[in-house]
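Asks: generate a structure from the sequence data that follows.
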Amino acid sequence: MDKVILSVAPVCATPHRIDPEELANEIYECYKCGAAMVHLHVRDKNANLTPDISHLSKTIEIVKKRCDIIIEISTGGVSNLTIQERCAPVYADFTEAVSLNVGSVNLGKSVYQNPIDDVKFCVKELLAHNKFPETELFELGMVNTMAKLVEEFDFCSPILLALVFGHEGELPATENALRHMVQYVKECFRGREDIIWGYTQAGRKNWDMMRYALNYGAGSLRVGFEDSDYLDEKTQVETNSLIVERAADLIRECGKKVATPREARQILNLF
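Replies: Alright, predicted model coming up:
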């Protein structure tokens, strides 16, 4: 039975107060519902992106005392931070994986800027510090860029690609768009057997595309308030765990198994 890595991105990007204890509790509840990985950004107490990891460190310290969920910290986010500042989590001992962004894209009215020199700086730093990259791909051109980076740099195996859909300004969350993206991934990485692709959907209000992605071969799913707080088209929830629980049920409905953190580490060679 195929195992699927379920990741939760629990923090919405809108300004709000972040309490380390409350966030840690939220992450732990998501872990109990099936999340093997948590995706976080380096934020201050008001949820602003920052290179200062001290506030985030408090959350992670509490989480690690309670469970073995994989800690993934983003090197991205729309902000005015330099690439050096964005790479702050690469140097943190608690970081196991990082999200890597390999190109620029319009996200709503904002421009998510990732010029190639910044991308290569980030790649060099994460590889030098043995952090596992999950590469977020918003457009077909980014697939091509990632394939070239894999040729240039000594990436670890397997290669985990997070295919992102649904933001205004990028690929829509449709079956045709997903098929097109996956087929291009297969074309660019022809001959490699260590490619795992996952599905992320911004603004999700139902589970139709998540189900389609699982049946089409997704090896990971990401859910959580960073992407959507909808349980269904009529219901917004106040806790991430309800969304994680539904995603875990969906994985099982599709005849697959929800990977535990230990199993996810084995899949990703994180031991």
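Asks: which residues touch residue 46?
Replies: Contacts for residue 46 (Cβ atoms under 8 Å, 6 or more residues apart in numbering) come out as 15-18. (C-beta placed from N, C-alpha, C; glycine too.)
Asks: most surrounded residue in these?
Replies: residue 18 (18 neighbours; other Cβ atoms under 10 Å).
Asks: how about the strands of the stretch 1-150 of the chain, start to end?
Replies: 3-8, 37-40, 70-74, 97-101, 105-107, 110-112, 132-137 (DSSP state E, counting those that start in this stretch).
Asks: and the fifth one, which strands flank it?
Replies: Sheet neighbours of strand 105-107, with direction, are listed as strand 110-112 (antiparallel) (DSSP bridges).
Asks: show me the contact partners of the strand it pairs with.
Replies: Residues contacting strand 110-112 (Cβ under 8 Å, 6+ apart): 76, 78, 101, 104-106, 138.
Asks: in that strand, what's buried?
Replies: By neighbour count, with 16 or more other Cβ atoms under 10 Å as the criterion, the buried positions of strand 110-112 are residue 112.
Asks: for the record, mean pLDDT for it?
Replies: The predicted model gives strand 110-112 an average pLDDT of 92.
Asks: just the buried subset of the contacts of strand 110-112, please.
Replies: Buried among the contacts of strand 110-112 (16+ other Cβ under 10 Å): 76, 101, 104-105, 138.
Asks: burial of the residue lying closest to residue 158 once chain neighbours are set aside, as a residue count?
Replies: Of all residues not flanking residue 158 in the chain, residue 194 sits nearest, at 4.0 Å (Cβ to Cβ, 6 or more residues apart in numbering). By other Cβ under 10 Å, the residues close to residue 194 number 12.
Asks: ok, residue 194 touching residue 156?
Replies: No. Counting by Cβ atoms under 8 Å, residue 194 does not reach residue 156; the two are 9.4 Å apart.
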